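**Student:** Quick one, structure for this:
(one chain, ligands or ions: 1)
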Amino acid sequence: MSEPILVTGGAGFIGSHLVDRLLADGGSVTILDDFSTGHEANVSAHPSTAPLRVVRGSVTDERLVDTLVAEHPLVFHLAAAVGVAHIMSDPVASLHTNVRGTENVLAAAHRYGSRVVLASTSEIYGRSTEVPFKETANRVLGPTWIHRWSYSTSKAVDEHLAFAYAEQGLRVSIVRYFNSYGPRIDERGYGSVIARFVTQALSGEPITVHGDGQQTRCFTYVTDTVEGTVLAARRKEALGNVFNIGSAEEVTIRDLAERIRRMLGSASQLTLVPYEAAYPTGFQDTPRRVPDLGRARDVLGYSPTVSLDAGLALTLAWCRAHYAAAGERR
Ligand SMILES: NC(=O)c1ccc[n+]([C@@H]2O[C@H](COP(=O)([O-])OP(=O)(O)OC[C@H]3O[C@@H](n4cnc5c(N)ncnc54)[C@H](O)[C@@H]3O)[C@@H](O)[C@H]2O)c1
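**Tutor:** Numbering: from 1, shown residues only. Next up is the predicted model:
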């Protein structure tokens, strides 16, 4: 990838790992990020000679987006209000970022002929029980006054926009991420159950598992998430298509909590918290979330390589060195 690359949300968790990878591959990268959940530390580790430019600003700034996209033939659009808990705390601003911001990026890319990879989410499938989720599956969502569904809906609007622009000639691919984790995972836990469990385990507080803990997820180590994203930008066959990018290793949330407690040698108790207590304004969970990876494998040649235990070991080592709760124990 020799052409200049724009990464929106490049100071965030996945975005910063993507930037690392693009620079390592010899790319020249511009980050557009408002640092609302991104961190300076995620991008400052690169040598000052690296072909990296950081622009502080918002994807909702139409003129700024227009200027930057015009300069970049390839755009990875990851900037978003992320995670169900975050969205529930400010649904209006989140919808604005996720819908208006994406519209700005796609419209500008269409104007200038840039290629786009759009970050979407497994939340798209909602409460569907047709497991494993195929990209062609129906979406099953709860009512609109339950804010947790607005994240899924905002990303679905993004996808609709992408397909609509694709019909008008935009070169775009969509990647639906399944629960990514790894070093740099934000300790405030935006949408990340792993970060929340690690913080609780490190501080010796109870590890709070919502519901009966039998709900399952497939956690994807971030280098596997990045690999799928890069493949979606490289392959011609990826254009106009949407891909699940995740791991097929399914784990219950209770098992995850136990593994984290054991691996950290934590004395924390495991506590089951009913959903009504955790989310008094209403919450509906997804019982199983498992990707069908057939399309990503066949079209992109994608195959995740990092097991949950190996990925957790790397992640927990990083969290021990960086989380405040770990510092309190030292
Ligand atoms: N982490 C996951 O498991 C996961 C799962 C599914 C989808 N995703 C998607 O992947 C992308 C990256 O998520 P992440 O986990 O790295 O989260 P993150 O919060 O670490 O990254 C999002 C980045 O976008 C930036 N941002 C937010 N609003 C912005 C705005 N208006 N203008 C410019 N920058 C803005 C934030 O500062 C942050 O750096 C998002 O689009 C998210 O919806 C992530």
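**Student:** tally of neighbours for the nearest residue to residue 235 once chain neighbours are set aside?
**Tutor:** Distance criterion Cβ to Cβ, 6 or more residues apart in numbering; nearest residue to residue 235, sequence neighbours excluded, is residue 300 at 5.7 Å. No exception for glycine: its C-beta is placed from N, CA and C like everyone else's. When neighbours are counted by other Cβ atoms under 10 Å, residue 300 registers 24.
**Student:** how about residue 300, what does it touch?
**Tutor:** Residues near residue 300 by Cβ atoms under 8 Å, 6 or more residues apart in numbering: 228, 231-232, 235, 237-238, 243.
**Student:** What are the phi and psi values at it?
**Tutor:** Backbone torsions for residue 300, taken as degrees, to the nearest 10, come to phi -100, psi -20.
**Student:** how much space between it and residue 228?
**Tutor:** Noted for residue 300: a distance of 7 Å to residue 228, by Cβ to Cβ, to the nearest Å.
**Student:** Identify the contacts common to these two.
**Tutor:** Shared contacts of residue 300 and residue 228, counting by Cβ under 8 Å, 6+ apart, come down to residue 243.
**Student:** about what we covered before: which of the contacts of residue 300 fall within helices?
**Tutor:** 228, 231-232 (DSSP state H).
**Student:** Let's have these in TSV, adding neighbour count and pLDDT.
**Tutor:** Shown next, in TSV, are the ones in helices among the contacts of residue 300 (neighbours: other Cβ atoms under 10 Å; pLDDT from 0 to 100):
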residue	neighbour count	pLDDT
228	25	98
231	20	98
232	26	98
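**Student:** Could you dump those into a markdown table and include distance to the ligand?
**Tutor:** Formatted as a markdown table, the ones in helices among the contacts of residue 300 follow (distance: Cβ to the nearest ligand atom, whole Å):
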| residue | distance to the ligand |
| --- | --- |
| 228 | 12 |
| 231 | 16 |
| 232 | 13 |
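**Student:** who does the helix or strand of the chain with the lowest mean pLDDT touch, helix- and strand-wise?
**Tutor:** Of all helical and strand segments in the chain, the minimum by mean pLDDT, DSSP states H and E falls on helix 324-329, at a mean of 71. Packing partners of helix 324-329 (3 or more Cβ pairs under 8 Å, 6 or more residues apart in numbering; DSSP states H and E): helix 193-203.
**Student:** now what about the helix it packs on, what contacts it?
**Tutor:** 179, 181, 185-189, 206-208, 217, 219, 253, 256-257, 260-261, 264, 266, 268, 312, 315-316, 319-320, 323, 325-326, 328-329.
**Student:** any idea which helix or strand comes after that helix?
**Tutor:** Using DSSP states H and E, the next helix or strand after helix 193-203 towards the C-terminus is strand 207-210.
**Student:** And the next helix or strand past that next one?
**Tutor:** Past strand 207-210, the next helix or strand by DSSP H and E is strand 216-218.
**Student:** could you give the mean pLDDT of that next one?
**Tutor:** Mean per-residue pLDDT for strand 216-218: 97.
**Student:** what packs against the helix or strand just after it?
**Tutor:** Downstream of strand 216-218, the first helix or strand assigned by DSSP H and E is strand 220-221. Contacting strand 220-221 under the criterion 3+ Cβ pairs under 8 Å, 6+ apart are the following elements: strand 180-181, helix 308-322.
**Student:** Pull out the buried residues from stretch 208-219.
**Tutor:** Under the neighbour-count criterion of 16 or more other Cβ atoms under 10 Å, stretch 208-219 has 208-211, 213, 215-219 buried.
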